[in-house]
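Undergrad: Generate coordinates for the sequence data below:
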Amino acid sequence: MSLELQLIERLQQLSPSHLEVLNESAGHGGYYPGKESHFKVTIVSDAFAGLRLVQRHQKVYAAAGDLLGAGNIHALAIHAYLPTEWTGTAPASPECAHAPKEA
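TA: Numbers count the residues shown, from 1 in each chain. Okay, here's the model as predicted:
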C-alpha cells in the first residue's frame, strides 16, 4: 500500500469531516516518478477542539506514527481546522528551493 494511502487510513482515526492528502513530492529536489516523501494534509475535525495549533499538529504526527522518518515521509505540511474554522480552502504550499527546474 502506498504511503499516501497509509497516511489517509491512519488519519481516519481523527474522524475528519474533511480530509485531503496531497503528494507534493514532485515539487522537491531528488524527485523521481513514484517517490513519496513530501505531503500536504488538510484535515478538519472536532478532535482539535480546545487545542492550540502545535497540539493539533502533534495529534496528526501521532496518528501518522512510523510513516514519518527516514525512508518514508520526509516532510508533512499540516493544515488542521475545526469545522467552524474551515473556509473550504487551505493555503498553497511554497515552492521548494531545490525543486526540479524546467528547461
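Undergrad: Let me know the helix or strand that residue 79 is in.
TA: Assigned by DSSP states H and E, residue 79 belongs to strand 75-81.
Undergrad: Need the mean per-residue confidence for that strand.
TA: The average pLDDT within strand 75-81 is 93.
Undergrad: Sheet partners, orientation included, of it?
TA: Take DSSP bridges as the rule and strand 75-81 pairs in its sheet with strand 38-44 (parallel).
Undergrad: Provide the contact partners of the strand it pairs with at residue level.
TA: With contacts defined as Cβ atoms under 8 Å, 6 or more residues apart in numbering, strand 38-44 is touched by 3-4, 7, 11, 14, 16-25, 27-28, 60, 73-83, 85-86, 90, 93, 96. Every residue, glycine included, has its C-beta placed from N, CA and C.
Undergrad: Quick check: buried residues in the helix or strand just after that strand?
TA: As assigned by DSSP H and E, the chain's next helix or strand after strand 38-44 is helix 53-64. Buried residues in helix 53-64, counted by 16 or more other Cβ atoms under 10 Å: 56-57, 59-60, 63-64.
Undergrad: With that, I have no additional questions.
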